[in-house]
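Q: output the structure for:
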Amino acid sequence: MKRNNSYISRIVLSLGLLWVAVTYGSVRAADNVQESRLFVKGQVLSQATGSPVFGASVKAGKSSVFTNEEGRFELLIQTTNDVLVVTEDRYIAREYPLRGRQDVVIELYPKVFEENYKTNELPAGKVKSSEMISAAKTVDLGLNQAVSVDELYQSSLGGDIRSVSRSGLPGIGSLIFIRGINSLNAKTQPLLVVDGVIWNDVSEVQSIFEGFQSNILMNIDVNDIQSITVLKDGTALYGSKAANGVINIKTKRGQSPVTKIDLRIMAGMVAEPGKLPMMDADQHRVYASELLQTTSQSVLQSPKILEFLDENPANPIYNTYHNETDWYNEVYQRGITQGYNISVNGGDQRALYHFSLGYTSNKGVVKTTSMERISSRFNADINVLDNFSIGMNVGFSNISRSLLDDGVNFYTSPTYMAYSKSPFLSPYSFTSLGYKSKDYDDADLFGIGNPSSFIQGSQNNYKEYRFNVGFMPVYTINDNWSVSTLFDYSLNKYLEDYFSPMHGSYPRELEGYGLSENTIKNQLI
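A: Predicted coordinates:
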């Protein structure tokens, strides 16, 4: 029994000594690893003022940190020959080679000098302006109140391209001519490329709303865009379909393993369109009486056609035709735009991601018109192996609009009615005793509808959905060669519901059918 106890004691003692040896060796190995790790220390300053830059991102390879309140940082590096990439929203990004140094001071230039160091985002990657061969321009994003990408073209590239807005609706898009109108039959719009994928617009699809056309760029929140580059000619990259130019859009991706949360809030007002000089009630009464003299006698024999010329205040019909209505104010209002966007950027050494969620709304300048957009985007870059990575893009958007017919339409366009309606008429009807009621009046004796009644009775809705998911695997052969491809799937749906009310509109004659007093239409694409 004692011999067995002796054996057990020897075994326990041996295991204890082995554990001490392994632990000591592990600590020494960890110390050696810690000692072998290289760090660079430094400070980031503003070149203009010499003050420290707080919150600047300093990156070397897969490691990155942010500077503190004093502009100082400490970063893990692979070798003392690494190149630091320093970025901050208010300053020009800078690449700083260490060249054996481990204690550095880096100065950043304000963005006012950015034009001298600007880079263009091309399909093959970033190219400095000084090294550009083809004609390309980069849109300045900056701080803006744009609802759609189109609104940035004219403000940033007004001297380089021709951009004409289709109408005053928010985000309806623009007609863009980079190389002019070079064909009467073929398409003259530039090719649209988003994250390497060609987006086809829906200009060939006719909307049931007059004066409206869907804009596919509304599916991208401006806050999700990293860069916009306009190429004058892209035939070498995309063939003849890019002969009218290329608009290349890159969305934001993960930049640093350090988690960064960004919240952007935008609010603005949209002024009503400028007023046209119009006749007042007395002037229009004289004009209408002179115009009736050019009509046939059968029209003048109508018992009600001359009621507007009655100047007897005791006549109950007098109040109906003696008003001073500004139909412009009955149709237009001041628009309000607001937008909210929150994004999260971060990751680790294995994967970087960028996620954003945005909401944009607009109360239109024409009463009852509105727009709402909810958008979400997730981009990620995953390093599966040392020489194999996968890029992923996922986007979803939901756009809702309340619309009215626009343009020159005598029957269903409230804006056109407002400029044709006589100012001596009232939006509201009058009783047989000459008292104004709270009900809207119908079309008048001149055959012009009531825009106020038509606006309130219309029920027109437009909905658009877009979902896309894409994958881009990249296999790196060496520092100069890599092989990649792109898989992308997108789904677009458009739903339009249209209802034109009977009350407030003048019946239109349909040849071969009769009179049409109201209209119901629906379209699903």
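
Q: distance check, the residue lying closest to residue 414 once chain neighbours are set aside against residue 501.
A: Distances taken as Cβ to Cβ, 6 or more residues apart in numbering put residue 451 closest to residue 414, at 3.9 Å, once the chain neighbours are dropped. (C-beta placed from N, C-alpha, C; glycine too.) The spacing between residue 451 and residue 501, counted by Cβ to Cβ, to the nearest Å, is 12 Å.

Q: more neighbours, these two?
A: Per other Cβ atoms under 10 Å, whichever of residue 451 and residue 501 has more neighbours is residue 451, with 28 against 18.

Q: mind listing what the spatially closest residue to residue 260 that is not a sequence neighbour touches?
A: Using Cβ to Cβ, 6+ apart and skipping residues adjacent in sequence, the residue nearest residue 260 is residue 345, 4.6 Å away. Contacts for residue 345 (Cβ atoms under 8 Å, 6 or more residues apart in numbering) come out as 252, 254, 255, 256, 259, 260, 261, 262, 353, 354, 355.

Q: name the element the closest residue to residue 171 other than its chain neighbours belongs to?
A: For residue 171, ignoring the flanking residues on the chain, the nearest one in space by Cβ to Cβ, 6+ apart is residue 148 at 3.9 Å. Using DSSP states H and E, residue 148 sits within no helix or strand.

Q: now do residue 148: how many residues are near it, please.
A: Neighbour count for residue 148, taken as other Cβ under 10 Å: 22.

Q: so what's it up against?
A: Taking Cβ under 8 Å, 6+ apart, we find residue 148 in contact with 170, 171, 172, 173, 215, 217, 218, 222.

Q: for the residues you listed, give me CSV that also has neighbour count, secondary structure and pLDDT.
A: As requested, these are exported to CSV (neighbours: other Cβ atoms under 10 Å; DSSP: H, G, I helix; E, B strand; the rest coil; pLDDT from 0 to 100):
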residue, neighbour count, secondary structure, pLDDT
170, 24, coil, 84
171, 22, coil, 85
172, 21, coil, 87
173, 22, coil, 84
215, 22, coil, 89
217, 19, helix, 91
218, 24, helix, 92
222, 22, helix, 91
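
Q: going along the chain, name the strands of the stretch 101-250 of the chain.
A: Taking DSSP state E, counting those that start in this stretch as the criterion, the stretch 101-250 of the chain carries its strands at 103-108, 119-122, 125-128, 136-138, 162-165, 174-177, 191-194, 197-199, 225-231, 246-251.

Q: closest to residue 439 out of these?
A: With Cβ to Cβ as the criterion, residue 439 lies closest to strand 162-165 of these, at 37.2 Å.

Q: tell me which residues of the closest one come out buried.
A: 162, 163 (16 or more other Cβ atoms under 10 Å).

Q: could you do stretch 369-389 as well?
A: Buried residues in stretch 369-389 (16+ other Cβ under 10 Å): 369-371, 373, 375-383, 389.

Q: again with stretch 347-355
A: Across stretch 347-355, burial judged by 16+ other Cβ under 10 Å covers 347, 351, 352, 353, 354, 355.

Q: just stretch 40-55 next, same as before
A: In stretch 40-55, counting by 16+ other Cβ under 10 Å, buried: 40, 42, 43, 44, 45, 46, 52, 53.

Q: nearest to residue 109, of the residues you listed?
A: Minimum distance to residue 109 across the buried residues of stretch 40-55 is 8.4 Å, recorded for residue 46 (Cβ to Cβ).

Q: ok, and the closest non-adjacent residue to the closest one?
A: Per Cβ to Cβ, 6+ apart, closest to residue 46 is residue 53, 5.7 Å.

Q: the one you found against residue 108, yeah?
A: Yes: judged on Cβ atoms under 8 Å, residue 53 makes contact with residue 108 at a distance of 5.9 Å.

Q: between those two, which contacts overlap?
A: Each of 44, 45, 46, 88, 91 lies in contact with both residue 53 and residue 108 under the rule Cβ under 8 Å, 6+ apart.

Q: out of the residues you listed, who's nearest residue 58?
A: Looking across the shared contacts of residue 53 and residue 108 and measuring by Cβ to Cβ, the closest to residue 58 is residue 44, at 7.1 Å.

Q: close enough to count as contact, residue 428 and residue 435?
A: No: using Cβ under 8 Å as the test, residue 428 is too far from residue 435 to be in contact (10.3 Å).

Q: looking at the two, which one has more neighbours?
A: Shown here are residue 428 and residue 435; by other Cβ under 10 Å, residue 428 has more neighbours (17 against 9).

Q: bridge partners for the more buried one, pull those for me.
A: In this entry, residue 428 is beta-bridged to residue 440, by DSSP bridges.

Q: hey, where'd the helices end up in the protein?
A: Assigned by DSSP state H, the helices in the chain fall at 2-36, 150-157, 235-238, 281-292, 297-300, 327-331, 414-420, 451-457.

Q: which of these has the lowest average pLDDT?
A: Lowest mean pLDDT within those: helix 2-36, at a mean of 48.

Q: what residues are up against the residue nearest to residue 105 when sequence neighbours are not counted?
A: Nearest in space to residue 105, with sequence neighbours left out and distances taken as Cβ to Cβ, 6+ apart, is residue 43 at 5.3 Å. Counting by Cβ under 8 Å, 6+ apart, residue 43 touches 52, 67, 70, 71, 72, 73, 104, 105, 106.

Q: how about a cut-off of 10 Å?
A: 52-53, 67-68, 70-73, 103-107 (Cβ atoms under 10 Å, 6 or more residues apart in numbering).

Q: who does it bridge with?
A: residue 72, residue 105.

Q: pLDDT at it, what is it?
A: pLDDT, residue 43: 94.

Q: what's the answer for residue 303, then?
A: Predicted confidence (pLDDT) for residue 303: 68.

Q: hmm, back to that, mind putting the contacts of residue 148 into JSON lines with distance to residue 245?
A: Putting these into JSON lines (distance: Cβ to Cβ, whole Å) gives the following:
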{"residue": "170", "distance to residue 245": "25"}
{"residue": "171", "distance to residue 245": "22"}
{"residue": "172", "distance to residue 245": "21"}
{"residue": "173", "distance to residue 245": "16"}
{"residue": "215", "distance to residue 245": "18"}
{"residue": "217", "distance to residue 245": "15"}
{"residue": "218", "distance to residue 245": "21"}
{"residue": "222", "distance to residue 245": "21"}
